[in-house]
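Enquirer: got a predicted structure here, sequence first:
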Amino acid sequence: KNQVEQSPQSLIILEGKNCTLQCNYTVSPFSNLRWYKQDTGRGPVSLTIMTFSENTKSNGRYTATLDADTKQSSLHITASQLSDSASYICVVSKAAGNKLTFGGGTRVLVKP
Amino acid sequence: SAVISQKPSRDICQRGTSLTIQCQVDSQVTMMFWYRQQPGQSLTLIATANQGSEATYESGFVIDKFPISRPNLTFSTLTVSNLSPEDSSIYLCSATRAAKETQYFGPGTRLLVL
């Protein structure tokens, strides 16, 4: 069973609308949680990285939240643009070593 | 940030041959990694490329199939040997300067084995 679960697997939204992606994890001991954006045919690009003590972090129209008690994170996209169409991957790092555990990703399609 | 380039960007290979992928980082990094991403799937770590010593492989990946070199702090190669159609995938190089810092990814190499 994957230790990082993302939902939904995919979603379609209209340009200008907001959306929220979910990530639940069981990775332990926890070091940090990262959100990456991966455009089709490209490598993942880091959006945010949050440690245990951080509840929220923003990067432009992307806002990530973290609840380390419930082991949940979300990524909120505000006023979506066509260029937001991509896969969004939640990645959790263990405290020991530098092992990253990847979620399955959420494919977002923004339609005009 | 670190900029990572990979060569080739894509290739089509015959069964039984090998492909070597090069990864170049524009600045010195501590750790380099190789991942595989199969169509529609997330990333799976193949190995950590250690500078000046043998790579550290993840469960299910072996040196004979995926030999890795890392001669210095900015360059690494991954060879996929004795290719079969099941090796068709995207192979990504990644690097970071420290364990808790951002991990940067290359653009990937798309491999198709016929």
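Expert: Structure's in. What do you need? This one's a predicted model, so the numbers in the text were calculated from it and none came from an experiment.
Enquirer: who's the closest residue to chain A within chain B bridged to?
Expert: Closest contact between chain B and chain A, by Cβ to the nearest Cβ, is at residue B:105 (3.5 Å). C-betas here are computed from N, CA, C, even on glycine. Beta-bridge partners of residue B:105, counted by DSSP bridges, are residue B:94.
Enquirer: who are the neighbours in contact with it?
Expert: Taking Cβ atoms under 8 Å, 6 or more residues apart in numbering or on different chains, we find residue B:105 in contact with A:36, A:43, A:44, A:45, B:4, B:35, B:92, B:93, B:94.
Enquirer: tell me how many other residues crowd residue 110.
Expert: All of this refers to chain A. 20 (other Cβ atoms under 10 Å in any protein chain shown).
Enquirer: please go with chain B instead
Expert: By other Cβ under 10 Å, 17 other residues sit near residue B:110.
Enquirer: just the pLDDT for the residue of chain A most remote from its centre.
Expert: Centroid-distance maximum for chain A: residue A:112 at 23.0 Å, with Cα atoms, centre = their mean. Per-residue confidence (pLDDT) for residue A:112: 96.
Enquirer: tell me how far it lies from residue A:37.
Expert: Noted for residue A:112: a distance of 20 Å to residue A:37, by Cβ to Cβ, to the nearest Å.
Enquirer: tell me where the chain has strands.
Expert: Let's take chain A. For chain A, applying DSSP state E gives strands covering A:4-7, A:10-14, A:19-25, A:30-38, A:45-51, A:56-59, A:62-67, A:72-77, A:86-94, A:100-102, A:106-111.
Enquirer: wrong one, I was asking about chain B
Expert: According to DSSP E, the strands that chain B contains are B:4-7, B:10-13, B:19-25, B:31-37, B:43-49, B:56-57, B:68-72, B:75-80, B:89-96, B:104-105, B:109-113.
Enquirer: residues in chain A within reach of chain B, list them.
Expert: A:31-32, A:34, A:36, A:41-46, A:49, A:51, A:89, A:93, A:97-100, A:102-105 (Cβ under 8 Å from any Cβ of the partner chain).
Enquirer: give me the buried subset of these.
Expert: By neighbour count, with 16 or more other Cβ atoms under 10 Å in any protein chain shown, these hold A:31-32, A:34, A:36, A:42-44, A:46, A:49, A:89, A:93, A:98, A:100, A:102-105 as buried.
Enquirer: let's see the pLDDT reported for residue B:28.
Expert: You'll see residue B:28 listed with a pLDDT of 85.
Enquirer: now do the contacts for it.
Expert: With contact taken as Cβ under 8 Å, 6+ apart, residue B:28 is in contact with B:73, B:74, B:97.
Enquirer: ramachandran angles for it?
Expert: phi -70, psi 130 (degrees, to the nearest 10).
Enquirer: quick check: the gap between it and residue B:98.
Expert: Taking Cβ to Cβ, one finds residue B:28 at 12 Å from residue B:98.
Enquirer: I'd assumed residue B:16 was in contact with residue B:114.
Expert: No: the pair residue B:114 / residue B:16 is not scored as a contact, 10.6 Å apart, by Cβ atoms under 8 Å.
Enquirer: what residues does chain B have near chain A?
Expert: Proximity of chain B to chain A (Cβ under 8 Å from any Cβ) is limited to residues B:4, B:31, B:41-45, B:48, B:92, B:94, B:96, B:99-108, B:110.
Enquirer: all set, thanks.
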